[in-house]
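Undergrad: Sequence and computational prediction follow.
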Amino acid sequence: MIMSLKEIKRYPVRRDDLLQGHDAADELLLQHLGSLELKDKRILIVNDHFGALSCGLAGFDCTTYTDSYVSKMAIELNSAGKIKPIHEMEKFSGHYDFVLIQLPKNMSYFEDILSRLTHHLRKGSQIICTSMVKHLAPMSFELLQKYIGTTTTSLAQKKARLIFASFEKSALESPYPLKIQFEGFEKPFLNHSNLFSRDKLDIGTRFFLDHLPQDVKGKILDLGCANGVIGIKAKMLSPDAQIIFSDESSMAIESAKLNYQNYFTDTANYYWTNCFENQTKNTLDFVLCNPPFHQQNTIGDFIAWQMFKDSFDALKINGKIRVIGNSHLGYQIKLKKIFGNSKIIATNNKFMICESIKL
């Protein structure tokens, strides 16, 4: 390994961050790989959270794939720029001898990965998945057996486990992206596999769609855009506005782009980035946001805080942010701390929509 796992940093780097950049699942997989002959083998690393696997295997013939901008930046940070992950599965190439996968939480995404991998494996190519036991979904075994072959597991160690499968199936096409029709929209939406609520419109978004601003002039940012449905509805309500989409998932940006182009002929702007960091200040007129409350398997409000702070920086004076979240998350309090003001736009038995203005 080129560095101790304890040196792996999370991205973005936060002062006094108590969260580690690796876990026991990374350790267990790297420990197992130490007993294998990897020289002259082609290795694909999938879903490496912060670079522990990619950095740990530096020097071998490795390609790293991630859909996450945060993971991409962490891997580049921890490898001092030496490792450049790919973020499109279309860039899988040739055949891989080993595929190492940090199991994703999203099983649709996992199925998409496995189905696409069937075109890049030889008989006997090895798939090794790693996960903390508490995050190990039973469906992961079913999908491996469907697309790859018979599975076996390691003993649990520090509450982590490995799953092994040797490729013995045939190439299969991916069932993704999905075409989904939403009530109130004329055309179906194209949803890639790693989107939240990819097979339906989640109840929070449905509530938010009923309480979007109208006749906004200037630039509207759909922050954490997923498939772009919020930004698309905002454009319908504010035809003269310029829409901007931002998300840390590459698949989300691709979905938003395809869906927007299916509805409108003008050009929107798209940012694959973490929240809306390092963008030009004082340029936006309105931000619409439904913040996620987890990063991979880590739950917290740190993403919402950064989204609100980035929005404050990017908004013009008198620009507004409108946010939806579960009522207990207290977003109206967080917004007031940053913007100095906050008002409630609408509530129901689960969600609250609140708004702040940059004064």
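TA: Great, that's in hand. Residues are numbered from 1 along each chain as shown.
Undergrad: Outside of the host helix or strand of Gly204 itself, list whatever touches it.
TA: Taking DSSP states H and E as the definition, one finds Gly204 inside helix 203-209. Applying Cβ atoms under 8 Å, 6 or more residues apart in numbering, the contact partners of helix 203-209 are 184, 197, 229-230, 233, 288, 290, 324-326, 346, 348, 350-351, 353. To be clear about C-beta, it is placed using only N, CA and C from the backbone, and glycine gets the same treatment.
Undergrad: can we see that at 7 Å?
TA: Applying Cβ atoms under 7 Å, 6 or more residues apart in numbering, the external contacts of helix 203-209 come out as Val229, Ile230, Lys233, Asn290, Ile324, Asn348, Phe351, Ile353.
Undergrad: Tell me the one among the residues you listed nearest to Phe167.
TA: Distance to Phe167 across these (Cβ to Cβ) is lowest for Val229, with 37.2 Å.
Undergrad: I'd guessed the closest one sits against Phe189; true?
TA: Yes - between Val229 and Phe189 a contact is recorded at 6.4 Å, counting by Cβ atoms under 7 Å.
Undergrad: any shared contact partners between the two?
TA: With Cβ under 7 Å, 6+ apart, Val229 and Phe189 have common neighbours Phe182.
Undergrad: the helices in this structure, which residues?
TA: 24-33, 52-56, 69-78, 107-117, 138-147, 203-209, 229-237, 250-263, 302-314, 331-339 (DSSP state H).
Undergrad: Excluding residues flanking it in the chain, which one is nearest Leu195?
TA: Ala226 (5.2 Å; Cβ to Cβ, 6 or more residues apart in numbering).
Undergrad: Where does pLDDT dip in this protein?
TA: 1-3, 293-300 (pLDDT under 70).
Undergrad: Show me how the record splits it into domains.
TA: 5-166, 178-357 (automatic domain parsing).
Undergrad: Quick one: end-to-end length of the first one, please.
TA: With Cα to Cα, to the nearest Å as the measure, the ends of domain 5-166 fall 28 Å from one another.
Undergrad: From the chain's centroid, how far away is it?
TA: 15 Å (Cα atoms, centre = their mean, to the nearest Å).
Undergrad: list the contacts for the residue most central in space within the chain?
TA: Against the mean C-alpha coordinate of the chain, by Cα atoms, centre = their mean, the closest residue is Ser249 at 3.8 Å. Neighbouring residues of Ser249 by Cβ under 7 Å, 6+ apart: Asp67, Ser68, Asn194.
Undergrad: how does it look with 8 Å?
TA: Contacts of Ser249 by Cβ under 8 Å, 6+ apart are Asp67, Ser68, Tyr69, Asn194, Leu195, Ala226, Trp272.
Undergrad: Make sure the second one is actually in contact with Glu248.
TA: Yes - contact criterion Cβ atoms under 8 Å: Ser68 and Glu248 qualify, at 5.9 Å.
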